[in-house]
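Trainee: give me coordinates for this.
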Amino acid sequence: MRILVTGASGFVGSLLVRRLYADGHGVRALARDPQRVHAALEREQDRAALEELEIVRGDALTSEGLTSALEDVEVAYYLIHSIARAPTGGAPFPERDRLAAENFASAAARAGVRRIVYLGGLVPRNGTEERGSNEHGAVAISRHLASREQVERALLAAVPDSLALRASIVIGARSRSFRLLVHLLERMPVLTLPAWHALRTQPIDERDVIEMLAACATVRSPRRSLDIGGPAPLSYGEMLQTIAELMLINRPTLTLAVNLTGITARVAAAMTSEDPELVMALMEGLRYDLLPADHHAAELLGVRLHSFESAVEHALAEWERHEPLAAR
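Mentor: Next up, the predicted model:
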């Protein structure tokens, strides 16, 4: 099967390229900078996939290269997110995400692509905790999650047999969300946890996400959107405690009764050398539980889920293959 992977230089995209290649598919990548794709696959030490991979230079935001990239493609994976700070004078990330998704969706429909597979984010559901609701009782949604939902709608509307997987935190050595948590544990002498430490989500192992994405190329699904998550819900405080234990570090903890999102995001970005726009967008979503609507996805896609502890151990081991962990 001829498959296109966008976002192939990202941590999910590069792992997915390897997995699809191992399954015998013909894989093509769309990238603004082909050298970043090469670097990502070299990091994963997959010379065979790198030698076979066809890379088309292009950009969904400008439509450059889309026609060539989608030619003769049956399944296209859309793994593009533009949450980082916009260039000077550029549009904010929700607008960039919307435009890129609409361009890609239109090009895929014209090319006769059978299925688009999108990896998006879990969205809060009605009945989620009231602290995440507005004055009318509707669930308040962050810019980040609203953008993911908007992208999903655009892609699924364009190609009828498309699928969207919705995840919260993906646990992997190159996951920016996971790296943010690790760096906070490494660099904060006192772990100060705002009120969101009690909120729950279901983090999922990168290995399970890749298996699910790969299965989406061929699975017959009665549903177009699937919530995915690990085997058990955890609070953010529990996640941090488990990661700290597995890193063999001990930090005194101070819990707060308020979130102070603006201040917390700026402090976290400065301490972890991360993009403040990214950290702010992620923390804006920490107002409610983010849990899968059900647990059918793993069974439907034939994936046996790893525990959170296993996911963290795997991620930390992969991290240390390429760079030291200050706290270990």
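
Trainee: all helices for the stretch 51-200 of the chain, in order.
Mentor: Per DSSP state H, counting those that start in this stretch, the stretch 51-200 of the chain carries helices over the ranges 66-70, 93-111, 143-158, 176-187.

Trainee: so residue 64 makes contact with residue 31?
Mentor: No - here residue 64 lies out of contact with residue 31, judged by C-beta atoms under 8 Å, at a distance of 11.1 Å. For every residue, glycine as well, the C-beta is placed using N, CA and C.

Trainee: of those two, which one has the most company?
Mentor: residue 31 (24 against 16; other C-beta atoms under 10 Å).

Trainee: can you tell me how far the spatially closest residue to the more buried one that is not a sequence neighbour sits from residue 204?
Mentor: Nearest residue to residue 31 in three dimensions, chain neighbours excluded: residue 37, at 4.8 Å (C-beta to C-beta, 6 or more residues apart in numbering). To residue 204, residue 37 is 24 Å away according to C-beta to C-beta, to the nearest Å.

Trainee: ok, now residue 18?
Mentor: Taking C-beta to C-beta, one finds residue 18 at 18 Å from residue 204.

Trainee: higher neighbour count, the two?
Mentor: residue 204 (28 against 21).

Trainee: quick check: bridge partners of the more buried one?
Mentor: With DSSP bridges as the criterion, the beta-bridge partners of residue 204 are residue 170.

Trainee: does it really touch residue 307, like I thought?
Mentor: No - here residue 204 lies out of contact with residue 307, judged by C-beta under 8 Å, at a distance of 10.7 Å.

Trainee: count of neighbours near residue 36?
Mentor: Residues near residue 36, counting by other C-beta under 10 Å: 14.

Trainee: any idea which element residue 240 lies in?
Mentor: helix 236-246 (DSSP states H and E).

Trainee: what pairs with the helix or strand that that helix is followed by, and is each one parallel or antiparallel?
Mentor: Per DSSP H and E, the first helix or strand lying C-terminal to helix 236-246 is strand 253-255. Partner strands and pairing direction for strand 253-255 (DSSP bridges) are strand 191-193 (parallel).

Trainee: relative to the whole chain's centre, how far out is whichever helix or strand comes after the strand it pairs with?
Mentor: Heading C-terminal from strand 191-193, the first helix or strand you meet, by DSSP H and E, is strand 200-201. From the chain centre to the centre of strand 200-201 is a distance of 16 Å (C-alpha atoms, centre = their mean, to the nearest Å).

Trainee: what is the mean pLDDT for strand 200-201?
Mentor: Per-residue pLDDT values across strand 200-201 average out to 94.

Trainee: count the residues that sit near residue 50.
Mentor: 20.

Trainee: could you look up the SS state of it?
Mentor: helix (DSSP: H, G, I helix; E, B strand; the rest coil).
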